[in-house]
Every structure is written in C-alpha cells, then in structure tokens.
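Colleague: I'll drop the sequence and a predicted model, then ask my questions.
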Amino acid sequence: MMKEFIKVYEENHEDIEKFIVTTVKNTGPLLSDAPNSYKNIFKTFPSMELIYVTDQNFIQTDANFFRNKIDDSEKGKSRAYMSTKFLKKEDEISVSTPYISSATGHTCITVMKKEGDSYVFIDYRLSALLGRLGLIELNPAFNQLTKLFYKSVGFSLMAFAFFAIIYAISGYISSVFTEKDYTLDILFKPIVALTLGLAIFDLAKTILEREVFYKKYSKQNEDANVLTKFAIAIIIALSIEALMVVFKIALHDYSDMIHALYLITGIALIIVSLGIYGYLSSRSRSDK
C-alpha cells in the first residue's frame with residue numbers, strides 16, 4: 001500500500017509541494033505568537049502531525065508539538081541530519097523527500113521554514129496528505145487490517161526461517177554424533193536448509209520493510225532485485241539437491257540417472273528464465 005502512496009506522491013510532487021509552500025507562506029510568521037500560532041496551522045493542515053523549532057545550528061530549542069500533545073524530551077537534540085533530506089523550493093522554505101519519522105513512526109514529508117535565526121520544521125503524514133488532496137481514497141480500518149496482515153505474515157516467515165536454520169544446525173550436530181558414517185547427505189542437507197532459511201528470511205524482510213516499516217520505497221527496480229535474490233537462493237538449494245541426487249545414483253544405480261537429468265534441466269530452465277527476466281527488466285528501465 002505504501003509503495004502506491006510513494007508512487008502517487010512522486011507523480012504529483014510538484015503540485016503537492018507548490019500547494020504546501022504557498023499555504024505555509026500565506027500562514028505568515030509562525031514564531032511571532034508561538035505556540036499559539038501552531039494551532040492555526042494544525043487547523044489548516046489536517047495531515048500535519050508535528051512541529052518543532054531549531055536554532056541556526058539545527059539544535060532543537062523547543063518541545064515537539066503534536067496535534068494533541070507536547071513532548072519536551074526532544075528539546076536540545078541535534079537535527080543536523082535533517083538537512084540532507086531537503087530540496088530547496090523557495091528562499092526560506094524547503095521540502096524533504098518522504099522518509100520514516102522517528103517521532104511518529106509514519107511515512108512523512110517535512111517542510112523547513114527559516115524565520116530569523118531559527119528553523120521551523122513541520123511534518124505531514126504522507127497518506128493523510130494525499131487523501132486530503134484527493135489523490136488517493138483512504139479507508140483507515142482496511143489499511144490497518146492490511147498492515148496487520150502483512151506484519152503477521154512477515155514475522156511468521158521470519159520465524160520459519162529461524163526454524164529452518166535451527167533445524168539445519170541441530171540436525172547436522174545430531175548426525176555427526178549419532179551416525180556411524182559421515183556421508184555427503186550429512187553435509188548437504190543442512191546446507192539446503194540454511195539456503196532455504198536465508199531465502200525465506202530475505203522474503204520476510206522485504207515484506208516488512210515495504211509494507212509495514214516502509215524503509216525501501218525509493219528504489220524503482222526493487223521488485224526485480226527481490227525476485228532475483230529469492231530465485232538465486234532457490235536455484236542454489238535445488239542445485240545442491242541435484243548434486244546430492246547425482247552422487248546417490250552414481251553410487252547405486254546408473255539407470256536412475258535420467259531423474260537427475262530432469263532436475264538439472266529444470267534448474268537450467270529457471271536460470272535461463274531468470275536471465276531473460278533480468279534482461280527485459282533492465283531494458284524496460286533504460287527505456288524509461
């Protein structure tokens with residue numbers, strides 16, 4: 001869901017930023033009657049979440065003012081890291097790219113307005129801003145349900161990934177001490193389980209980052225990268241399994257070697273398909 005929000009914002013960012021900058025300028029000075037003036041801007045922007053002030057060295061000089069509460073714990077902290085997020089739009093006003101707010105945990109954009117020797121920072125929740133401007137249709141209950149579902153699936157996959165890793169390690173240790181002969185099966189089986197655990201964990205991490213915590217929304221080719229990484233892990237696991245099958249057949253009955261050939265052929269087709277997909281994806285990005 002958040003990926004679509006980011007895409008909508010990127011497609012309309014010029015109009016959105018122009019609207020915000022114009023409205024903030026028309027609001028007038030914010031520090032002349034602070035914090036009473038903050039109430040007016042909260043009314044003007046229902047999507048606004050937070051406002052705070054720093055000095056010219058980006059040291060916060062006042063509390064965090066939220067819509068319904070005030071947090072004094074952030075006073076005195078450095079906000080110098082924020083300067084890297086902004087794109088200058090006017091002489092006194094700059095607008096950030098979307099990022100995760102440490103104060104609210106939401107994806108937001110921040111407007112920085114210079115007033116005298118101070119900077120006023122205003123955070124806008126991205127989803128609420130887009131909904132307010134009519135660029136998306138919001139259903140908070142459904143969005144929360146969707147987020148909860150992705151979170152449950154993501155953490156469940158992580159748990160299964162850890163179970164696979166524990167199974168591989170415990171199974172290997174058990175085999176070493178209980179089996180009389182140290183065979184290739186004892187070595188290869190935990191490698192397959194570890195590889196699958198890694199693939200599952202990487203898939204779970206991607207789901208949580210993109211749909212729950214929204215840390216990787218800026219990479220346009222991320223879908224291709226995720227699919228490629230997952231497919232490579234599966235190819236490695238299948239290749240190890242095919243190698244085990246070949247060794248087993250070579251030690252027992254060569255008449256079954258055709259089954260190993262089928263498995264290796266299937267792996268080769270996956271590799272070729274992945275190569276074609278990568279080529280077409282890179283070609284599509286270059287055309288854009």
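Modeller: Yep, that arrived. Predicted model, so just to flag it, every value in this text is computed and none were measured.

Colleague: And residue 216, what's its pLDDT?
Modeller: pLDDT, residue 216: 44.

Colleague: low-confidence ranges in the stretch 1-150 of the chain?
Modeller: 1-2, 88-91, 137-140 (pLDDT under 70).

Colleague: can you give me the strands for it?
Modeller: Using DSSP state E, counting those that start in this stretch, the strands of the stretch 1-150 of the chain run over 48-55, 64-66, 70-71, 86-88, 93-96, 99-100, 107-115, 118-125.

Colleague: strands paired with the third one, and their directions?
Modeller: Translated: strand 70-71. With DSSP bridges as the test, strand 70-71 is paired with strand 64-66 (antiparallel).

Colleague: quick one: contacts of the strand it pairs with?
Modeller: The contact list for strand 64-66 (Cβ atoms under 8 Å, 6 or more residues apart in numbering) reads 35, 38, 49-52, 70-74, 103-104. Placement of C-beta: from N, CA and C, glycine included.

Colleague: repeat that with 6 Å
Modeller: 35, 38, 50-52, 71, 74 (Cβ atoms under 6 Å, 6 or more residues apart in numbering).

Colleague: Can you convert these into CSV and add a column each for neighbour count and distance to residue 268?
Modeller: CSV is the format used below for these (neighbours: other Cβ atoms under 10 Å; distance: Cβ to Cβ, whole Å):
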residue, neighbour count, distance to residue 268
35, 14, 67
38, 22, 64
50, 22, 55
51, 26, 59
52, 23, 58
71, 13, 59
74, 15, 57
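
Colleague: Pick the one among those residues closest to residue 86.
Modeller: Nearest to residue 86, judged by Cβ to Cβ, of the contacts of strand 64-66 is residue 52 at 15.0 Å.

Colleague: That closest one contacts residue 119, doesn't it?
Modeller: No - with contacts counted by Cβ atoms under 6 Å, residue 52 stays clear of residue 119, the gap being 9.4 Å.

Colleague: Tabulate the strands of the stretch 1-150 of the chain in TSV, adding columns for distance to residue 26.
Modeller: Output for these, formatted as TSV (distance: least, Cβ to Cβ, whole Å):
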stretch	distance to residue 26
strand 48-55	15
strand 64-66	20
strand 70-71	26
strand 86-88	19
strand 93-96	12
strand 99-100	26
strand 107-115	12
strand 118-125	14
